[in-house]
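# Following is a predicted model, sequence given first.
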Amino acid sequence: MRLYVLVASLLLAGCATSPQDCDLHAQDPSFLTKLSCSTSGGYRQKVDEQERQVLQSQRDNKIAQQNLADTQTREQASSQKLADEQTRLTAARSDLAQTLKKLKSGKANNQQRQQEIKQLEALQRQSAQANSTDDVAEIETKIADAKKRIAALEQANVSQ
């Protein structure tokens, strides 16, 4: 009879232990707690829960690594785009300076030529403040227009 009471009390003790009470790293759990956790599956549940947490952490880590790689790719693309824009702007400024120099070195010094020089100097100042793709495109367009007007002026001067 005592054996039945002992077994019954152990079973009830096993039922009274929750998985949260079954800490694998507990300093000094009692014999009954260990037995209870073993028989009730509390240790197994605790291990399963920790394995799920590790797997979730691994998934989160992979997502974070992919996000980092995507961010680095976007940063490289932005850097390349900025470098391309700087190259375009430098080329436009160089073209503008050459056009202005050519215009100033011309023989005829009429009012139209002086007006073109002033416009090109204003465009040079504007190019120093360019900071977007639209600004660079606008400056390139204005330079092309100015070159056409200067060519027409030179043609008119040669004809005279």
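Arrived safely.
# Could you report the neighbour count for Q66?
10 (other CB atoms under 10 Å). All C-beta spots, glycine's among them, are computed from the backbone N, C-alpha and C.
# three-state assignment of the residue nearest the centre of the chain?
Nearest to the geometric centre of the chain sits T71, at 3.7 Å (CA atoms, centre = their mean). With DSSP: H, G, I helix; E, B strand; the rest coil as the basis, the three-state label of T71 is helix.
# Could you check how far it is from S57?
21 Å (CB to CB, to the nearest Å).
# cool, and A91?
Counting by CB to CB, the gap from A91 to S57 is 51 Å.
# Equivalent analysis for Q45, please.
Taking CB to CB, one finds Q45 at 19 Å from S57.
# of those two, who's got more company?
Legend: neighbour count by other CB under 10 Å for Q45 and S57, higher for Q45 (15 against 10).
# so how far is the helix or strand containing that one off the chain centroid?
Using DSSP states H and E, Q45 maps to helix 42-104. Once both centres are worked out by CA atoms, centre = their mean, to the nearest Å, helix 42-104 turns out to sit 4 Å from its chain's centre.
# residues in contact with the helix or strand that it is followed by?
Later in the chain than helix 42-104, the nearest helix or strand by DSSP H and E is helix 111-128. Residues from elsewhere that reach helix 111-128, judged by CB atoms under 8 Å, 6 or more residues apart in numbering: 89, 92-93, 96-97, 99-100, 103-104, 106, 139, 142-143, 146, 149-150, 153.
# Quick check: PyMOL command selecting the buried ones in the residues you listed.
Only the buried entries of the contacts of helix 111-128 go into this PyMOL selection, using 16 or more other CB atoms under 10 Å:
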select buried, resi 89+92+93+96+99+100+103+139+142+143+146+150+153
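# distance between stretch 105-120 and the chain's centre?
Centre to centre, stretch against its chain (CA atoms, centre = their mean), the figure for stretch 105-120 is 47 Å.
# Point out where this protein drops to low pLDDT.
Scanning the chain for pLDDT under 70 picks out 1-21, 23-34, 38, 106-109, 157-160.
# how does it divide into domains?
Following automatic domain parsing, the chain resolves into domains at 2-40, 44-159.
# residues touching the nearest residue to L96 once chain neighbours are set aside, list them.
Spatial nearest neighbour of L96, chain neighbours left out: I143 (5.3 Å); criterion: CB to CB, 6 or more residues apart in numbering. The contact partners of I143, taken as CB under 8 Å, 6+ apart, are 92, 95-96, 99, 123.
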